[in-house]
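>>> below are the sequence and a predicted model for it; my questions follow.
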Amino acid sequence: MSNRIEDYALIGDMQTAALVGRDGSVDWLCLPRFDSPAIFAGLLGTEDNGYWKIAPLSGGVSTRRQYQGDSLILESEWETPRGTIRVTDFMPPSDELIGAPAIVRIVEGISGQVPVRSEIRMRFHYGKVVPWVRRHDDGRTVAVAGPDSVWLQSDTDHYGRGMTTYADLTVGPGDRHAFVLSWWPSHAQPPLGTDAEEVLQDTQLFWQDWVSRCTYDGPWRDAVVRSLITLKALTYAPTGGIVAAPTTSLPEDVGGVRNWDYRYTWLRDAAMTLSSLVRTGFLEEATAWREWLLRAVAGDPENLQIMYGVGGERRLTEYEADWLPGYEHSSPVRIGNAAAEQFQLDVYGEVVDALHHGRLAGMEGHDNAHQLQLRLMDFLEDNWRKPDEGIWEVRGPRRHFVHSKVMAWVAVDRTIKLLEAGPGDSAAAHLERHLERLRGVRDEIHHEVCEYGYDAERNTFTQYYGSLELDASLLLIPQVGFLPPDDKRVVGTIEAIQHELTEDGFVRRYPTRGESVGLDGLPGDEGAFLACSFWLADDLAMIGRVEEARELFERLLALRNDLGLLAEEWDPRLGRQVGNFPQAFSHVPLIDTALRLTSLSRAEKRAAGGSSRAASDDDLH
Ligand SMILES: OC[C@H]1O[C@H](O[C@H]2O[C@H](CO)[C@@H](O)[C@H](O)[C@H]2O)[C@H](O)[C@@H](O)[C@@H]1O
């Protein structure tokens with residue numbers, strides 16, 4: 001289908017999410033949860049793979065669109081020669097309101113008399129299965145295929161033609177017509193009907209209440225709040241799991257093979273999300289994720305996975321949906337993710353660091369979290385020397401990635417801090433021996449990284465031991481406290497990355513080899529990675545190049561779509577967003593950089609006003 005990735009808007013109910021195009025078409029919706037099969041998969045194929053369009057009969061894209069205030073309620077307006085209409089799209093937070101995931105679409109006349117059409121092609125199992133569609137006794141339309149059914153409720157009559165369900169109406173000023181599409185198990189009694197206007201009000205209240213908890217009040221409030229709402233929308237409310245993105249296989253390289261399924265909870269992405277949430281006032285979500293984590297990783301740390309299903313499921317078997325042509329012919333479309341079976345050492349650091357930030361922010365202590373951290377540490381002591389697949393989940397051979405070792409150092413360092421703050425009781429001698437051992441491991445990792453991961457000739461850390469390549473994950477070295485920002489090796493690494501890994505000022509993760517297979521085991525290229533570009537802005541600020549940092553941050557903000565949403569990457573050559581959308585891993589560093597720059601400007605103001613208190617790390621938490 002023809003929408004660009006940034007042409008889509010996100011709506012969601014904290015169990016699943018949908019993408020709505022500027023043309024009024026819902027081209028992506030998985031039911032009942034994020035990782036369920038899609039019922040509308042037109043995004044990754046053609047109209048025949050499923051969509052639901054509501055738009056003026058004359059067609060075209062909306063003239064204006066926006067979210068209603070700080071909410072996830074989308075309003076799209078069309079000005080046509082016959083008059084103006086507005087379509088309000090949203091998903092009522094299911095847990096709280098109606099129990100069954102549903103999309104509500106309200107068509108409203110603003111001026112004139114505008115002919116409007118609703119056009120639905122339901123295709124179950126990612127666009128493959130044509131359901132059995134019939135009219136129920138109560139007037140609703142029901143579509144059934146296997147275990148699933150969807151119910152379409154509306155005050156407008158529907159008719160079927162060519163395996164598509166239509167409704168035609170003409171709307172004038174003040175007219176409001178609601179359409180509600182809800183999922184329900186096909187074996188169960190029919191679901192209750194929904195009062196669309198009532199759930200609209202409830203949904204408005206839900207978002208107002210949620211956003212009122214935000215503690216950030218700096219100059220980038222709108223961008224930060226939109227990112228927070230997006231992160232909330234990526235949270236699976238029943239368990240506290242957080243998906244990396246609600247889509248699969250939006251390409252990192254349009255027309256290429258770098259297409260992955262992101263509808264799962266990565267420990268890395270979720271841990272980073274948790275750190276941003278606790279720093280902006282959302283301790284409840286952070287606590288729910290910690291509970292999710294403790295359940296998901298329960299058992300032997302040997303069996304820890306780097307990602308799970310939103311319910312904590314372990315088996316995420318990857319396969320190719322060969323009936324789907326892919327977004328702009330980017331194939332294969334992948335369902336499931338083989339990276340679940342990888343060994344990624346950095347994850348231990350990210351999880352332990354998130355628990356550490358949670359404690360700093362006042363999250364209540366949790367015995368199991370404490371125990372988990374110590375057990376992870378036992379595992380790490382035995383395993384940190386092993387090569388891994390690293391933060392970028394490369395599908396090439398395992399390596400001694402420098403970032404992975406740095407994050408192993410982070411895990412040990414934060415655990416030492418936890419034990420140092422612990423009670424000095426009768427176990428003190430045992431604790432002291434444990435601490436001694438951990439301090440030894442921490443020193444050993446540090447020494448090894450500086451010895452084998454640093455190229456003294458070029459004054460830069462490198463991608464893996466002995467390699468000549470750079471890697472944008474090295475930008476995290478000063479941010480996690482492995483070395484201070486003014487260390488000459490840190491400054492050298494930042495400058496080398498700026499010179500060698502940027503395109504139009506935006507940062508690529510690592511060099512790719514175009515047509516030949518590179519380090520990541522894949523052919524083709526990819527865009528600039530947005531998270532890494534935010535990290536560069538952070539580093540520039542940390543080494544005192546604050547103006548440059550602000551400039552880069554503003555340029556990154558300008559890449560967001562008109563609704564404030566970011567995909568995983570930006571293709572500087574094509575000037576468009578690429579990769580899964582919207583992506584937590586892009587919105588999290590946006591929040592982090594905004595917090596850092598805000599605290600720096602406040603410190604600058606205090607300094608200018610004569611206060612002796614300089615910017616400290618505390619300002620960031
Ligand atoms: O680049 C190859 C890999 O790409 C995906 O991983 C990326 O997304 C993850 C989720 O946001 C993120 O945690 C990771 O750092 C990124 O590299 C994909 O999931 C992998 O299967 C693929 O090998």
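Looks like it arrived, so ask away. Please read all numbers here as calculations on a predicted model, not as lab measurements.
>>> alpha carbons only for contacts and neighbour counts from here, please
Will do.
>>> all strands of the stretch 501-621 of the chain, in order?
502-503, 506-507, 528-529, 569-571, 576-578 (DSSP state E, counting those that start in this stretch).
>>> err, the stretch 151-300 of the chain, not the other one
159-161, 164-171, 176-185, 235-236, 241-242, 265-266.
>>> just say which of those is most tucked in.
Mean neighbours per residue, mean count of other CA atoms under 10 Å, is largest over the strands of the stretch 151-300 of the chain for strand 241-242, with a mean of 32.
>>> who in this protein is up against the ligand?
244, 260, 262, 268-269, 337-339, 391-395, 585 (CA under 6 Å from any ligand atom).
>>> redo the residues you listed as JSON lines? Include pLDDT and neighbour count.
Listed next are the residues of the chain next to the ligand as JSON lines, based on pLDDT from 0 to 100; neighbours: other CA atoms under 10 Å:
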{"residue": "A244", "pLDDT": "98", "neighbour count": "29"}
{"residue": "W260", "pLDDT": "97", "neighbour count": "23"}
{"residue": "Y262", "pLDDT": "98", "neighbour count": "25"}
{"residue": "R268", "pLDDT": "96", "neighbour count": "22"}
{"residue": "D269", "pLDDT": "95", "neighbour count": "23"}
{"residue": "N337", "pLDDT": "98", "neighbour count": "20"}
{"residue": "A338", "pLDDT": "97", "neighbour count": "17"}
{"residue": "A339", "pLDDT": "97", "neighbour count": "21"}
{"residue": "I391", "pLDDT": "98", "neighbour count": "17"}
{"residue": "W392", "pLDDT": "96", "neighbour count": "13"}
{"residue": "E393", "pLDDT": "95", "neighbour count": "17"}
{"residue": "V394", "pLDDT": "91", "neighbour count": "19"}
{"residue": "R395", "pLDDT": "88", "neighbour count": "16"}
{"residue": "F585", "pLDDT": "97", "neighbour count": "23"}
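>>> just the ones of those residues in helices?
R268, D269, F585 (DSSP state H).
>>> give the contact list for the last one.
It stands for F585. The contact partners of F585, by CA atoms under 8 Å, 6 or more residues apart in numbering, come to A244, D269, M272, T273, A531, E568.
>>> can you rerun that using 10 Å?
By CA atoms under 10 Å, 6 or more residues apart in numbering, F585 lies in contact with 231, 244-245, 268-270, 272-273, 529-532, 566-568.
>>> most proximal residue of the stretch 451-600 of the chain with respect to the ligand?
F585 (5.8 Å; CA to the nearest ligand atom).
>>> and that residue, how far is that from D138?
The gap separating F585 from D138 is 45 Å, by CA to CA, to the nearest Å.
>>> show the pLDDT at the closest residue to W260 other than its chain neighbours.
With CA to CA, 6 or more residues apart in numbering as the criterion, W260 has its nearest non-adjacent residue at 4.6 Å, and that residue is S249. On pLDDT, S249 comes in at 98.
>>> same question for the one 4 residues further on.
D253 is assigned a pLDDT of 94 by the prediction.
>>> residues in contact with the nearest residue to it once chain neighbours are set aside?
Leaving out its chain neighbours, the residue that sits closest to D253 by CA to CA, 6+ apart is E526, at 4.9 Å. Taking CA under 10 Å, 6+ apart as the criterion, E526 is in contact with 251-254, 256, 258, 508-514, 569-572, 578-579.
>>> now the stretch 201-350 of the chain against the ligand: closest residue?
Residue nearest to the ligand within the stretch 201-350 of the chain (CA to the nearest ligand atom): A339, separated by 4.6 Å.
>>> contacts only, for that residue.
260, 266, 305-307, 316-318, 389, 392-395.
>>> do you know how far whichever residue of the stretch 351-500 of the chain sits closest to the ligand is from P582?
Closest residue of the stretch 351-500 of the chain to the ligand, CA to the nearest ligand atom: W392 (3.4 Å). As judged by CA to CA, W392 and P582 stand 18 Å apart.
>>> and Y319, by the same measure?
Separation of Y319 from P582 (CA to CA) stands at 23 Å.
>>> who's more crowded, these two?
Shown here are Y319 and P582; by other CA atoms under 10 Å, P582 has more neighbours (28 against 13).
>>> the more buried one: what's it in contact with?
Here P582 is in contact with 5-6, 8-10, 19, 227, 230-231, 233-234, 244-247, 564-568 (CA under 10 Å, 6+ apart).
>>> distance from stretch 53-67 to the middle of the chain?
In terms of CA atoms, centre = their mean, to the nearest Å, the gap separating the centre of stretch 53-67 from the centre of its chain is 27 Å.
>>> so which bits of it are buried?
K53, I54, A55, P56, V61, S62, R65, Q66, Y67 (16 or more other CA atoms under 10 Å).
>>> which residues touch the residue of the stretch 351-500 of the chain closest to the ligand?
Contacts of W392 by CA under 10 Å, 6+ apart are A339, Q344, D471, S473, R509, Y510, D520.
>>> tabulate the residues of the chain next to the ligand (CSV), appending distance to V114.
Converted to CSV, the residues of the chain next to the ligand look like this (distance: CA to CA, whole Å):
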residue, distance to V114
A244, 40
W260, 41
Y262, 39
R268, 49
D269, 45
N337, 45
A338, 49
A339, 50
I391, 52
W392, 50
E393, 51
V394, 52
R395, 53
F585, 41
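>>> and the residues you listed, which is closest to R385?
Relative to R385, the closest of those is I391; by CA to CA it sits at 16.0 Å.
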